[in-house]
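Novice: give me a model of this one.
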Amino acid sequence: MFRKECGFESLSGHFVDVTDFWLVVASMVAFAGAVGASAWKVRAGWGGGRAWDFGFLLAGFVPLTAALFVRGQAEGSCPLNSLYDVLVFLAWSLVLIYLLVGSSYRLSLLGFFTAPLALILLAFATFGPIDRGFLARRVADPWVETHAALSVIAYGAFGLACVAGVMYLVQEHQLKSHRFSNWFLSLPPINDLAVANRRLLMLGFGLLTAGFLSGVVSGQPVNSMKFWGSVGIWVLYGGFLGAWALWPWRPGRVAKFSILAFLVAMAALPALQYLSTTP
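Specialist: Just a heads-up that it's a prediction; the model follows:
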C-alpha cells in the first residue's frame, strides 16, 4: 500500500533484462582484473603502474554506469528503490570517488583495496540471497532523487575513508615493528594517507548533510525509525568530526574510527532500505 501511495508500481522479474545483468558481470570481471594486477605488483615489490589500477577500475566503471542507466530507465527514477539497487549504486559510488580523488594524494594502491570492496558488493547484490526485483516509480520527485543519490554517494566516501584507514594502520604497524614487506614498498606515504582519510570523512559528511537537506526540502513523509536511524549515522560522523576539531586526535585513532563507523553504517544499511519502503 505504501509503495502505491508513494508512486511505486511493482514489476516482475529479477532483472530489467539480461542487459543489466551482463553489464554488472562485466564490471566484476574488470574489478577482479584490478585486484589481480595490484596483487602481482605487490608481490613483485613494484610500486608503479598507477595507470593500470586506474584503467581497470575505469573499465569496470563504464559498464556499471550503463547498468545503472538501464535500471533507472526501467524504474523511472534514480535506481535506488531496492537493496539490490543500493548495493550496485554504492559500488559505483566507491569507484567514482576513487577515480576522482585517488590520484590526488598519490594513492595508487588505494585501487587495490577499492576494487575488492566493489567486487564483493556487486557479487552479493547479483548472487546473494536478496530480492533483485525492481520497482517503477510513476512520479519522480527530484528532491527525493537527490536525497537518495547523495546519501549513497556519501557512503561511498565513507567506504573509501575506511580503505584509507586500513592502509594507514597496515603501514603504521610495519613502521612500529620495523618489519618491512613488499606491502610497505607499495603503500603511499603515511602522511598522505592521514590527509586523505580526514578529507574523505569530511567529504562524506558534507554529502550526507546535503542529502538530508534535500530530503527535508522534498517534504515527503518518511518512516520514523528510518529517520532516526539515518540521524544516528549522521550524528556518528558529525559528532566525531566536531570532537576532532576541538580535540585533534592522532591519525591512528581516526583510521580506526573510519573502519568501525563504516562497518556500523553498512550493518544498518539493509534495515534503513527496508524501512524506506514501509509506512
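
Novice: which parts of the helix or strand hosting Trp244 are buried?
Specialist: Trp244 is part of helix 224-246, with elements assigned from DSSP states H and E. For helix 224-246, a neighbour-count test (16 or more other Cβ atoms under 10 Å) marks Lys226, Gly229, Ser230, Ile233, Trp234, Leu236, Tyr237, Phe240, Leu241, Trp244 as buried. Just so you know, the C-beta spots here come from the backbone N, C-alpha and C atoms, and that holds for glycine as well.

Novice: quick one: contacts for the residue nearest to the spatial centre of the chain?
Specialist: Taking Cα atoms, centre = their mean, the centroid of the chain lies closest to Gly156, which sits 2.6 Å from it. Gly156 sits next to Leu90, Trp92, Ser93, Leu94, Leu96, Ile97, Gly204 when contact means Cβ atoms under 8 Å, 6 or more residues apart in numbering.

Novice: pretty sure the second one sits against Gly60.
Specialist: No. The pair Trp92 and Gly60 fails to qualify as a contact (Cβ atoms under 8 Å) at a distance of 9.5 Å.

Novice: so which of these two has more stuff around it?
Specialist: Gly60 (27 against 24; other Cβ atoms under 10 Å).

Novice: near Val29, how many other residues are there?
Specialist: Neighbours around Val29, by other Cβ under 10 Å: 14.

Novice: output the below-cut-off pLDDT ranges for the stretch 101-250 of the chain.
Specialist: Applying pLDDT under 70 to the stretch 101-250 of the chain flags residues 102-109, 111, 131-140, 178, 180-187, 223.

Novice: try it again at 50.
Specialist: Scanning the stretch 101-250 of the chain with the threshold set as pLDDT under 50 gives 138.

Novice: mind listing the strands for it?
Specialist: In the stretch 101-250 of the chain, the segments counted as strands under DSSP state E, counting those that start in this stretch are 134-137.

Novice: what pLDDT does Thr277 get?
Specialist: The per-residue pLDDT reported for Thr277 equals 57.
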